[in-house]
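1. Below are the sequence and a predicted model; questions follow.
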Amino acid sequence: MNELIKYFEALEARIQAQEARIAALEQQEREKKQLIDQLYHQLADTTAAAAAISEQLKQIDATIVDMMQHPDDPEVEVELVYPEEEEAVVDVPAAEEQTPAEPVAPKASAEPAPVEVIPAPEPEEQPIQEPAPEPVAEVPAPEPEPAKEAPKPRVPQQTSLFGAAVTDIRQAVSIGDRFLFQRELFGGNGEKLQQALSELDVLHTFDEAVNAIEKFGWDKQSPTYELFINVLHRRFG
């Protein structure tokens with residue numbers, strides 16, 4: 001009987017141990033599920049951030065292409081035209097006429113006395129003095145029109161380093177140029193771009209580099225092709 005009791009006690013202890021183990025496994029499973037949920041949310045945030053960065057890069061590429069396809073407008077020359085000034089007309093005021101003074105008659109006295117009438121002297125005529133004419137302002141002669149300069153030949157678009165000579169061809173390719181070459185010339189394949197730059201960098205002359213890129217069959221009239229040729233000029237002179 002005692003052995004049976006001991007057996008049941010041992011069996012109950014084993015059952016409790018198994019239940020504790022199952023509870024621990026369930027707790028671990030819940031923790032794993034929480035960790036997976038956190039990783040999923042982090043992955044979603046990372047994906048959204050990558051999409052935002054990709055959209056910004058597209059906007060940068062569009063801005064670079066627009067700047068290359070629409071060069072600055074030429075300067076407009078402004079000609080100054082001087083209006084013709086009319087000669088000033090000087091009005092000469094008429095001389096005021098001098099009126100002779102009238103003689104004053106003497107007052108009558110209480111007793112009339114003989115009065116000797118003396119005729120008043122006639123006023124002497126004074127010559128009319130004309131005012132001196134005012135000097136006429138000199139009109140400056142119009143300046144000759146500047147000669148129009150001949151239109152300057154079109155210069156290929158410079159890279160971000162303004163055409164400085166480099167010893168490594170990768171130094172002549174900026175970040176914006178790299179995205180532009182990858183999209184327009186290599187079909188969006190960055191590995192092909194890196195391989196082409198490595199192959200071109202070991203060449204010795206500009207003619208060798210131009211012959212090496214003939215295999216790609218690029219459009220030689222496109223601005224992107226001219227920009228890539230400018231990179232080769234900076235590397236090989």
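-> Received the coordinates, thanks.

2. G237 and A164 touch, don't they?
-> No: look at G237 against A164 with CB atoms under 8 Å: they stay out of range, at 11.9 Å. C-betas here are computed from N, CA, C, even on glycine.

3. list residues touching both of those two?
-> With CB atoms under 8 Å, 6 or more residues apart in numbering applied, the contact sets of G237 and A164 do not overlap.

4. Run a quick neighbour tally on K32.
-> For K32, the neighbour count with other CB atoms under 10 Å is 10.

5. so who does it touch?
-> So K32 contacts nothing (CB under 8 Å, 6+ apart).

6. how close does it get to Q18?
-> 21 Å (CB to CB, to the nearest Å).

7. G188 now?
-> With CB to CB as the criterion, G188 and Q18 are 59 Å apart.

8. Flag the shaky bits of the protein, pLDDT-wise.
-> 70-162 (pLDDT under 70).

9. Give me the three-state assignment for A165.
-> Each residue gets one of three states, and A165 gets coil by DSSP: H, G, I helix; E, B strand; the rest coil.

10. isn't it right up against G237?
-> Yes: counting by CB under 8 Å, A165 does reach G237; the two are 6.9 Å apart.

11. which of those two has more neighbours?
-> A165 (12 against 8).

12. how about that one, what does it touch?
-> 234, 237.

13. what's it sitting at in phi/psi?
-> Main-chain torsions, A165, degrees, to the nearest 10: phi -70, psi 140.

14. Pull up the gap between it and K33, please.
-> Applying CB to CB to A165 and K33 gives a distance of 61 Å.

15. Could you break this structure into its assigned domains?
-> According to automatic domain parsing, the chain comprises the domains 1-69, 169-236.

16. Please identify the most buried of the ones you listed.
-> Comparing the domains of the chain by mean neighbour count (mean count of other CB atoms under 10 Å), domain 169-236 ranks first with a mean of 15.

17. Do me a favour and get the end-to-end distance for it?
-> Across domain 169-236, the terminal residues are separated by 9 Å (CA to CA, to the nearest Å).

18. if you skip the residues just before and after it, what's nearest to V166?
-> With sequence-adjacent residues excluded and distances taken as CB to CB, 6 or more residues apart in numbering, V166 is closest to A172, at 4.8 Å.

19. Hmm, F236 and the one you found touching each other?
-> No: look at A172 against F236 with CB under 8 Å: they stay out of range, at 10.4 Å.

20. Which is the succeeding secondary structure element to the helix or strand containing A50?
-> Using DSSP states H and E, A50 sits within helix 2-69. Scanning forward in sequence from helix 2-69 by DSSP H and E, the next helix or strand is helix 175-184.

21. Let me know the angle separating that next one from helix 2-69.
-> Angle of helix 175-184 versus helix 2-69, following axes from the mean of the first three to the mean of the last three CA atoms, to 10 degrees, is 100 degrees.

22. I'd like to know which elements helix 175-184 is packed against.
-> helix 2-69, helix 190-201, helix 223-236 (3 or more CB pairs under 8 Å, 6 or more residues apart in numbering; DSSP states H and E).

23. Next, the angle helix 223-236 makes with it.
-> Going by the same axes, to 10 degrees, helix 175-184 makes 130 degrees with helix 223-236.

24. I'd like the distance between I36 and L11.
-> In terms of CB to CB, I36 sits 37 Å off from L11.
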